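Undergrad: Would you be able to build a 3D model of this:
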Amino acid sequence: MPSPQGSSRRTFLTASGTGAAAVSLGLALPAARAAASQLAPEGDEFDTLRLSWRELTLGTGFDAGAEPYATKLAALGTAARTALATMAPATGSLWPDQPLTAPATGSANMSASYGRLNTMAQAWAQPGTGSTGDTALIAAVGRGLDHLHAQIYNEHTKPFGNWWDWQIGSSRLLLDTAVIAHEALTAEQIAHCTAAVDHFVPDSAVAVYAGTSTGANRTDLCRVLATRGVLGRNAAKIALARDALSPVFPYVTAGDGLYADGSFVQHTWIAYTGSYGEVQIDGLSRLFALLAGSTWAVTDPNRRIILDSVERSYAPFIHDGLMMDCVNGRAISRQTTDDQLMGRTIMAHIAMLALGAPAAERDRWRSLIKGWVDRAQSVPVLTDQRLSVANLALLRAAVDAAPSAAPAPKGPRLFPAMDRAVHRGTRFAASLSMSSNRIAYYENGNGENLRGWHTGSGMLAWWGEGFAGDQYSDAFWPTADPYRMPGTTVSRKPLADGEGGAWGAARPAATWVGGAEDGTYAAVGQHLRGLSSTLTARTSWFFVGDEIVCLGAGITASDGTPVETVVDHRNLGAAGTNALTVDGRRLPATLGRRDTFRRARWAHIAGHGGYVFPDGAAVQALREERTGTWKAINTGGTADPVTRRYLTLWHDHGTDPADASYAHILLPGARQLETAVRAADRDKVRVLANSASAQAISAHRLGLLAANFWTAGTVGGLTVDGPASVLVHTAHRTATLSLAAPERTGAPVELIWDRPVRSVTSRDPRVEVLGTGRALRLRIAPGTACGTVRTNVVLR
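TA: Residues are numbered from 1 along each chain as shown. Take a look at the predicted model:
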């Protein structure tokens, strides 16, 4: 069963300030280790490691009297004094609002209680809090630890509620608090701490790489074991933690972990580069830093895979400092975080990892961070008060040390192992979320993300370069129409909260999901099957520079409800009045206004972008104010109403459509005149096919031919004998053919390109050349990973 950890991960660990920190920020790791040793000249290696972990938790290299640290530290002190004032040890609780014995919430309340003690300990240890060195405060921390040990977290208690609180949430906070407050605790208190952790996190917790001990969860467990070993001066525990990390490193081909294509999956079925991926890189960057130069240094050569993941797995999903929500799982429903905070936190972990990386990578990563920081929208990264002091200091040090700011990348990246794709044009970044029998529609669990039903049904999210950066972080998730996620084709059939089951249980019986890319262009497709619906469709997206061509065909359903394809569902903010113009006519910005266009050629939303309908299309438009609550999508949220304005464009396929279709082109960032000119240029991109058998486009000026074949067939001079995604890019007298087989059966695909070819100049080893001359004939053995196979030829 997937690990059903709740919102406590982000709420408790982030709120307590124990996110990634800095270790001797201006120093490389060997120098940092030497500095820590000097702090304990009469100690030993355990003391050195303990002081290093303390620095990792609290951060170093910052001026407590300067901003943004002064404000952050003052707030930490206020929070600590509030916790002290309200702490009231009693049977069954340490704080009255956190009962420890409640069956449903007791384990989460335990972690919350340890979180408050951690805040108090940090305020005592950090400068500038107004409670620095306060003996009454640190004494209360000790009493609190004693009380929680006596009441609940001890070697005699049988766990109840959420396993995560017992093995990870509470243990991490307890150990970090004990490290911070070490000099103020007695030997008996330290012994209580280590005995309790040994009870709930025995060595057997990492004996087998399975169940709740994989990926990010295994990393967290190793973090617990290592800290417990340091605190309890137990070399065997530290060695076990180091060795138990090794199964996390290698690429996987199924289940949890990193994939060779850059994907990261957790809970078996969920794309999770953010959230759980954040936890993994947090824990690994910390443990690498802690153990570097020690007896227990991590020397497994597969550690290289983790370093590679910065640019292969994490960076592709970071846009101007935010982490795209397509890989944030059920965390999208959490009121206390958003895509921007997730991205900035991961940036800090990358900065931490850079401290122990080779010089060339360290410089590249710091340049990436500086580029993200410079381009970030809304709140500046380096003054974001939601980040911990340690993270703020770590990011500042990385930016200051960066040789330059890396520019935003361009082009597509496909992640077939987790049914995700990313494309960047000159003015935008977009993400595409799909689902299959391998990846769930969405994840809900522990009362979180109750209405994420259609987020994996082809949701096409996009952000502008320098604009619309808060499109999904500005209360989008509690206020957006969950039946109208942008880019999706959906049945309006009503769904229950948590429809389909928890922890990734809801997965479509579809295998053709994926596509091909050549580094510049991409063809991506999804055999769509509706969640708890009869809806089926074939949908394709072609990434062509600053355009995304969207095609749908074979749209059929018998739910007795309307079926729609959502062209876009744009969040205009709390008071937005962005103009909507259709075919040159500017429409009144009246809330509640709905318009029907029988044959629209183009539309434009001021401040966002344009939409082109190549052959004219029936389009619906709605400007509305939508009110929702965080509690409606996550039981841990508040019930306070939140209101945002939206402009929505969609194709209405009617009730129970049979073989319906659509075609439109998304132009993010385009101006109104530019959109109108593009609509008039019908030769720029032509739709060659849009049926349940094949969907294809050509862009003659670019030398591009792209096709998704749902079955064997012929389009535009390309013939395949089975399902495939194909790109042909011609330049001068050469061409590159790129093919992928999204069904992943491993069966070979034969391709014929009806174009005279002189010779094949290079090819993937999986390509067999069957013939050249009047036509090119290839046999491709694509394997089962849906990777793109390329062949380069010279034309006659």
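
Undergrad: Which strand or helix spans I350?
TA: Assessed by DSSP states H and E, I350 sits inside helix 339-354.

Undergrad: Who are the packing partners of that helix?
TA: helix 276-291, strand 318-319, strand 322-323, helix 359-375, helix 389-401 (3 or more CB pairs under 8 Å, 6 or more residues apart in numbering; DSSP states H and E). For glycine as for every other residue, the C-beta is placed from the backbone atoms N, C-alpha and C.

Undergrad: Please save the CA atoms from it in CSV.
TA: Once non-C-alpha atoms are left out, helix 339-354 reads as follows in CSV (Å, rounded to 0.1, in the frame of the first residue of the first chain):
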residue,chain,number,x,y,z
ASP,A,339,4.1,26.3,-6.6
GLN,A,340,6.3,29.2,-5.7
LEU,A,341,7.2,28.1,-2.2
MET,A,342,7.8,24.6,-3.4
GLY,A,343,10.1,25.8,-6.2
ARG,A,344,12.1,28.1,-3.9
THR,A,345,12.5,25.4,-1.3
ILE,A,346,13.8,23.0,-3.9
MET,A,347,16.2,25.7,-5.1
ALA,A,348,17.6,25.9,-1.6
HIS,A,349,18.1,22.1,-1.6
ILE,A,350,20.0,22.4,-4.9
ALA,A,351,22.2,25.1,-3.4
MET,A,352,22.9,22.7,-0.5
LEU,A,353,23.7,19.9,-2.9
ALA,A,354,26.0,22.2,-4.8
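
Undergrad: Distance-wise, check the closest residue to G255 other than its chain neighbours relative to N217.
TA: Distances taken as CB to CB, 6 or more residues apart in numbering put T268 closest to G255, at 5.4 Å, once the chain neighbours are dropped. Separation of T268 from N217 (CB to CB, to the nearest Å) stands at 12 Å.

Undergrad: Then D583?
TA: On the measure of CB to CB, D583 and N217 end up 53 Å apart.

Undergrad: what about T268 and N217, which has more around it?
TA: Remark: of T268 and N217, N217 carries more neighbours, 27 against 18, as counted by other CB atoms under 10 Å.

Undergrad: For the more buried one, report the pLDDT, please.
TA: With respect to pLDDT, N217 scores 97.

Undergrad: Check whether it really touches I168, as I assumed.
TA: Yes. Assessed by CB atoms under 8 Å, N217 is found in contact with I168 at 7.1 Å.

Undergrad: Quick one: the helices in the stretch 501-650 of the chain, in order.
TA: 630-633 (DSSP state H, counting those that start in this stretch).

Undergrad: so who does the spatially closest residue to A70 that is not a sequence neighbour touch?
TA: Leaving aside its chain neighbours, A70 sits nearest to G128 (6.0 Å; criterion: CB to CB, 6+ apart). When contacts are counted by CB atoms under 8 Å, 6 or more residues apart in numbering, G128 is found next to A64, G65, Y69, A70, L73, A74, G77.

Undergrad: G466: neighbour count?
TA: Count around G466 with other CB under 10 Å applied: 12.

Undergrad: who's in contact with it?
TA: R375, Q377.

Undergrad: how close does it sit to R484?
TA: On the measure of CB to CB, G466 and R484 end up 26 Å apart.

Undergrad: Then Q335?
TA: Taken as CB to CB, the span from Q335 to R484 is 22 Å.

Undergrad: Now the helix holding I350: buried residues?
TA: 339-354 (16 or more other CB atoms under 10 Å).

Undergrad: do stretch 59-72 as well
TA: Quick answer for stretch 59-72 (16+ other CB under 10 Å): G59, T60, G61, F62, P68, Y69, K72.

Undergrad: Measure how far that stretch is from the centre of its chain, please.
TA: Centroid separation for stretch 59-72 versus its chain: 29 Å, with CA atoms, centre = their mean, to the nearest Å.

Undergrad: Send me it as PDB with only the CA atoms.
TA: What follows is stretch 59-72, C-alpha atoms only, in PDB (Å, rounded to 0.1, in the frame of the first residue of the first chain):
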ATOM      1  CA  GLY A  59      21.900  28.000   9.000                       C
ATOM      2  CA  THR A  60      25.000  30.100   9.100                       C
ATOM      3  CA  GLY A  61      26.600  33.000   7.300                       C
ATOM      4  CA  PHE A  62      23.700  35.500   7.700                       C
ATOM      5  CA  ASP A  63      23.500  38.900   9.500                       C
ATOM      6  CA  ALA A  64      20.700  38.600  12.100                       C
ATOM      7  CA  GLY A  65      20.300  42.400  12.100                       C
ATOM      8  CA  ALA A  66      19.800  42.700   8.400                       C
ATOM      9  CA  GLU A  67      16.700  42.000   6.300                       C
ATOM     10  CA  PRO A  68      15.200  39.700   5.500                       C
ATOM     11  CA  TYR A  69      16.600  37.800   8.500                       C
ATOM     12  CA  ALA A  70      15.700  40.300  11.200                       C
ATOM     13  CA  THR A  71      12.000  40.100  10.400                       C
ATOM     14  CA  LYS A  72      12.100  36.400  10.100                       C
END
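
Undergrad: Let's test this: mean pLDDT of that stretch, rounded?
TA: On average, stretch 59-72 scores 97.

Undergrad: and if you look at stretch 149-168?
TA: Mean predicted lDDT for stretch 149-168 stands at 97.

Undergrad: now do the same end-to-end measure for stretch 769-776.
TA: 8 Å (CA to CA, to the nearest Å).

Undergrad: same question, stretch 758-777
TA: 12 Å.

Undergrad: quick one: contacts of that stretch?
TA: 734, 737, 750-757, 778-783, 789-796.

Undergrad: quick one: low-confidence parts of the stretch 301-450 of the chain?
TA: By pLDDT under 70, the stretch 301-450 of the chain contains no weakly predicted segment.

Undergrad: need the contact list for the residue nearest to R744 when sequence neighbours are not counted.
TA: Nearest non-adjacent residue to R744, counting by CB to CB, 6+ apart: T784, 4.6 Å away. Contact partners of T784, counting by CB under 8 Å, 6+ apart, are R744, T745, G746.

Undergrad: What of L572?
TA: N578, R644, R645, Y646, L647.

Undergrad: and if we set it to 6 Å?
TA: Shown in contact with L572 (CB atoms under 6 Å, 6 or more residues apart in numbering): N578, R645.

Undergrad: Return the distance of it relative to E624.
TA: Distance, L572 to E624, by CB to CB: 10 Å.

Undergrad: Is it correct that T629 is in contact with T635?
TA: No. T629 lies out of contact with T635 (CB atoms under 6 Å); the separation is 10.9 Å.

Undergrad: which SSE is the nearest residue to D134 once chain neighbours are set aside in?
TA: Of all residues not flanking D134 in the chain, W124 sits nearest, at 5.8 Å (CB to CB, 6+ apart). Using DSSP H and E, W124 falls within helix 106-125.

Undergrad: Let me know the angle separating that helix from helix 389-401.
TA: Here the directions of helix 106-125 and helix 389-401 differ by 60 degrees (axes from the mean of the first three to the mean of the last three CA atoms, to 10 degrees).

Undergrad: helices or strands up against helix 106-125?
TA: helix 8-15, helix 69-86, helix 135-151, helix 170-180 (3 or more CB pairs under 6 Å, 6 or more residues apart in numbering; DSSP states H and E).

Undergrad: I'm done for today, thanks for sticking with me.
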